[in-house]
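1. generate coordinates for the sequence data below:
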Amino acid sequence: MSSILIIFVLKYRKFLTMGKKSVKLYTDNVLEEFYKHVLDGNIEDLHIPHSDVFYVREAVQAHYGKPFTLEHVEWAMRMEGWTDG
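-> As a prediction, this is how the structure comes out:
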């Protein structure tokens, strides 16, 4: 491993394993949002949608032929009774 990666892991290890993530992700740029939170030092505020949300979004977009945000799809799934726990 490179020394930069080792420093990153040692510095942010406790944040990368936090169990509760309460703030919702309001962007479809998941990777960019993750790195932004890491650089800002507030990774505990990051919410990455469950993989189900990504799969459902792809299916809905293919069915309707128009784009949907992750936020909208996750909201609709929760309104239908879906939970990620």
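2. show me the helices in the chain, by range?
-> 3-16, 30-40, 51-64, 70-79 (DSSP state H).
3. buried deepest among the ones you listed, which one?
-> Among the helices of the chain, ranked by average contacts under mean count of other Cβ atoms under 10 Å, first place goes to helix 70-79 (a mean of 16). Glycine gets a C-beta too; all of them are placed from N, C-alpha and C.
4. tilt between it and helix 51-64?
-> Helix 70-79 runs at 100 degrees relative to helix 51-64, counting by axes from the mean of the first three to the mean of the last three Cα atoms, to 10 degrees.
5. for helix 70-79, C-alpha coordinates in PDB please.
-> Provided in PDB are the C-alpha atoms of helix 70-79 (Å, rounded to 0.1, in the frame of the first residue of the first chain):
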ATOM      1  CA  LEU A  70     -31.600   8.200  -6.000                       C
ATOM      2  CA  GLU A  71     -33.400  10.400  -3.400                       C
ATOM      3  CA  HIS A  72     -36.700  10.100  -5.300                       C
ATOM      4  CA  VAL A  73     -36.500   6.400  -5.800                       C
ATOM      5  CA  GLU A  74     -35.500   5.800  -2.100                       C
ATOM      6  CA  TRP A  75     -38.400   7.900  -1.000                       C
ATOM      7  CA  ALA A  76     -40.900   6.100  -3.200                       C
ATOM      8  CA  MET A  77     -39.600   2.700  -2.000                       C
ATOM      9  CA  ARG A  78     -40.000   3.700   1.600                       C
ATOM     10  CA  MET A  79     -43.500   5.000   0.900                       C
END
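6. what packs against it?
-> Where contact means 3 or more Cβ pairs under 8 Å, 6 or more residues apart in numbering; DSSP states H and E, helix 70-79 is packed against helix 51-64.
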